[in-house]
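Trainee: What would the 3D arrangement of this be:
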Amino acid sequence: MIIDKIRTCAFTGHRILKSDYNKTELTRIINNIIDGGFNTFLVGMAVGFDTECFKILEELRKKRPIKIIACIPCANQDYKFSPEQKAEYKRMISSADEKIYVSEEYSKNCMFKRNMFMVDNSSALIAYLNSDRGGTYQTVNYAKRKNVKVVIINDLY
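Mentor: Sure thing, here's the model as predicted:
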């Protein structure tokens, strides 16, 4: 599969959404990104922010010509999900326009590899960041080093 990096946006964010999370604002930002010429979206398929982004994209896809690519870190990503989370995960995977498995099996680096893949194949990153440590923080810093435009949707950090 060929990804047009110039028209591709990725997402990164925490699994737990705090009171500062604003779905309306996130939807507005995604619509602005689409208006700016982006049409492909890379989603890491984790619980929390990724799930929220995927659902917004599904709604927007009904009216706008966009593509959702599920970037799956490993084949058994959902092994620790609750039964409800697993059901939603499987639904989203089947709804994605394309699926990319970054690693075949879980390893301690597979989430990191997935995040780097998404940054390396996009020119914009929308982030829900409220900590100066962890995978989201590392992904935002990696994107900045790679000159990927970063939009942070909350102002706690």
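Trainee: drop to CA atoms for contacts and neighbour counts, all remaining ones
Mentor: OK.
Trainee: residue ranges for the strands of this structure, please.
Mentor: For the chain, the strands identified by DSSP state E occupy 8-13, 40-43, 67-72, 98-101, 124-128, 149-152, in order along the chain.
Trainee: Next, the angle strand 67-72 makes with the first one.
Mentor: Spelled out, that is strand 8-13. Relative orientation of strand 8-13 with respect to strand 67-72: 50 degrees, computed using axes from the mean of the first three to the mean of the last three CA atoms, to 10 degrees.
Trainee: Send me strand 8-13 as CSV with only the CA atoms.
Mentor: Taking only C-alpha atoms (Å, rounded to 0.1, in the frame of the first residue of the first chain), the coordinates of strand 8-13 have been written out as CSV:
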residue,chain,number,x,y,z
THR,A,8,-2.1,11.9,5.8
CYS,A,9,-2.7,12.7,9.4
ALA,A,10,-2.1,10.5,12.4
PHE,A,11,-3.3,10.5,16.0
THR,A,12,-1.7,9.9,19.4
GLY,A,13,-3.2,10.2,22.8
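Trainee: where's that strand relative to the chain centroid, distance-wise?
Mentor: Once both centres are worked out by CA atoms, centre = their mean, to the nearest Å, strand 8-13 turns out to sit 4 Å from its chain's centre.
Trainee: burial count for residue 111?
Mentor: When neighbours are defined as other CA atoms under 10 Å, residue 111 has 21 of them.
Trainee: Tell me who's in contact with it.
Mentor: Each residue near residue 111 by CA atoms under 8 Å, 6 or more residues apart in numbering is listed here: residue 73.
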